[in-house]
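> Coordinates only, no sequence provided:
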């Protein structure tokens with residue numbers, strides 16, 4: 001019997017890796033052996049987990065490219081959501097940056113922030 005938490009962890013990890021590879025332009029179509037270093041698993045385990053994602057509609061087998069997989073539209077959406085959640089603390093506003101494009105600090109520096117209390121300078 002498959003552990004549901006293990007299956008969930010694998011789904012999240014695979015969707016994030018496939019989403020990241022696609023977003024970085026490193027490949028939309030991957031073979032299990034190409035992602036072993038990201039996931040710390042053997043190609044057969046990854047293939048098994050990818051096949052589960054095919055059954056769930058997140059991933060599809062690439063036609064005419066046996067053994068290669070790619071995200072479906074739904075898989076890309078879910079992968080992007082999981083990736084954003086996982087890395088939110090690393091991809092948000094940097095310390096000292098105001099994200100108001102009309103704020104004076106954009107041209108004059110942090111000391112000129114129009115709403116200093118509202119921004120994290």
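Yep, it's here. These numbers come from a predicted model, not from an experiment. Residues are numbered from 1 along each chain as shown.
> any low-confidence regions in the chain?
Scanning the chain for pLDDT under 70 picks out 1-2, 88-97, 99, 114-121.
> which stretches of this structure form strands?
For the chain, applying DSSP state E gives strands covering 59-61, 69-71.
> Please work out which of those is packed deepest.
Each of those was assessed for mean neighbour count using mean count of other CB atoms under 10 Å. The highest is strand 69-71, with a mean of 23. From N, CA and C alone the C-beta is placed, and that goes for glycine too.
> How far away from the center of its chain is that strand?
Put simply, strand 69-71 sits 14 Å off its chain's centre (CA atoms, centre = their mean, to the nearest Å).
> quick one: residue 112 and residue 22, what's the gap?
40 Å (CB to CB, to the nearest Å).
> I should have written residue 56 there, sorry.
Noted for residue 56: a distance of 18 Å to residue 22, by CB to CB.
> Have a look at the two and say which one is more surrounded.
Of the pair residue 56 and residue 22, residue 22 is the one with more neighbours under other CB atoms under 10 Å, namely 19 against 14.
> For that one, which residues are in contact?
Residues in contact with residue 22 (CB atoms under 8 Å, 6 or more residues apart in numbering) are 28, 70, 71, 76.
> Same check on residue 21?
By CB under 8 Å, 6+ apart, the contact list for residue 21 reads 27, 28, 30, 35.
> out of these, which are buried?
Neighbour counting by 16 or more other CB atoms under 10 Å classes 30, 35 among the contacts of residue 21 as buried.
> need the helices for this structure, in chain order.
Using DSSP state H, the helices of the chain run over 4-23, 36-39, 43-56, 73-86, 88-91, 105-108.
> so what are the domain limits for the protein?
The chain breaks down by automatic domain parsing into domains covering 4-86, 95-121.
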